[in-house]
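only geometry, no sequence info:
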């Protein structure tokens, strides 16, 4: 049995579904944030798999996808820094990280 | 990639991903996420993306997760209490995720091109894949403008973090 592109895409989709389930099910805001990272990484895995699958005329992988993954990692790192700062500010104001205790905007 | 290694790392990555979701203790979740990211880096190595694999280990499993652990310990979060959970919300969340996974399986079943094995790299004899050089060339020739925009984005994020953490919230 050889490993095909579909195996990687399936693993990537399952990882995304796990992260998605975590965002919907968990009530701790930091755990929700970690599940968001899981979803970003699932997208990265499928990008790298497509990069390796599409061999160009020079016989090398398509490096544009890897550049895109590089940008995604950079933006994710910036997002984590800002998000965690917001969570710390929220914790100082409310002493909670539980999303059900933060319901001022709830309809 | 060797099918055994692929299966091992994919299984470990998904298993520790599940452990992130089901653990009540946030520190256990964060450590599970580190192992999941390391297995993902191993999958990247199997796809000949050595630069992305090392960036994954250094930036994600290193810097980002240290930041997460630092904040968890700073806020001194304890394991979550068993609350009476909303059955409708939990059932709905699990249902949506399962529907998504089923759709992925269904779409991939109708994607015959993806069932071909990965084509081999065509390298000149005696050379190895120098992906760091290739990604760097692409980054600094074709993608210069996005690179500079990302630089500005990081600067804005840094200033934003300082502003958020300095201001006294009422």
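Nice, I can see it. As the structure is a computational prediction, the values presented were derived from the model and not from experiment. Numbering: from 1, shown residues only, chains lettered A, B, ... in the order given.

If you drop the residues flanking it in sequence, what lies closest to residue B:165?
In space, and not counting its chain neighbours, residue B:165 is closest to residue A:85: 5.4 Å by Cβ to Cβ, 6 or more residues apart in numbering or on different chains. To be clear about C-beta, it is placed using only N, CA and C from the backbone, and glycine gets the same treatment.

Which helix or which strand is home to the one you found?
Using DSSP states H and E, residue A:85 maps to helix A:63-94.

Show me what the mean pLDDT comes to for that helix.
Here helix A:63-94 scores 92 as its mean pLDDT.

got it, and stretch B:134-153?
So the average pLDDT for stretch B:134-153 ends up being 93.

Now do the end-to-end distance for that stretch.
24 Å (Cα to Cα, to the nearest Å).

how about the helices in chain B?
Counting by DSSP state H, chain B has helices at residues B:3-22, B:26-46, B:50-55, B:65-75, B:87-109, B:131-141, B:144-166.

Check those for me and report the most buried one.
Across the helices of chain B, averaging neighbours per residue (mean count of other Cβ atoms under 10 Å in any protein chain shown) puts helix B:26-46 on top, at a mean of 21.

From the contact counts, what lies against that helix?
On a contact count with 3 or more Cβ pairs under 8 Å, 6 or more residues apart in numbering or on different chains; DSSP states H and E, helix B:26-46 meets helix A:29-53, helix B:3-22, helix B:50-55, helix B:65-75.

Figure out which of these is closest to residue B:121.
helix A:29-53 (8.7 Å; Cβ to Cβ).

near chain B at all, that closest one?
Yes - judged by Cβ under 8 Å from any Cβ of the partner chain, helix A:29-53 comes into contact with chain B at A:30-31, A:33-35, A:37-38, A:41, A:44-45, A:48-49, A:51-53.

tilt between that helix and helix B:131-141?
Orientation check (axes from the mean of the first three to the mean of the last three Cα atoms, to 10 degrees): helix A:29-53 against helix B:131-141 gives 100 degrees.

distance between helix A:29-53 and the chain's centre?
4 Å (Cα atoms, centre = their mean, to the nearest Å).

try stretch B:29-39
On Cα atoms, centre = their mean, the centre of stretch B:29-39 falls 9 Å from that of its chain.

now do stretch A:44-63
20 Å.

Could you pull out the buried residues of the helix holding residue A:85?
Neighbour-count burial for helix A:63-94, counted by 16 or more other Cβ atoms under 10 Å in any protein chain shown, picks out A:63-71, A:73-74, A:76-81, A:83-91.
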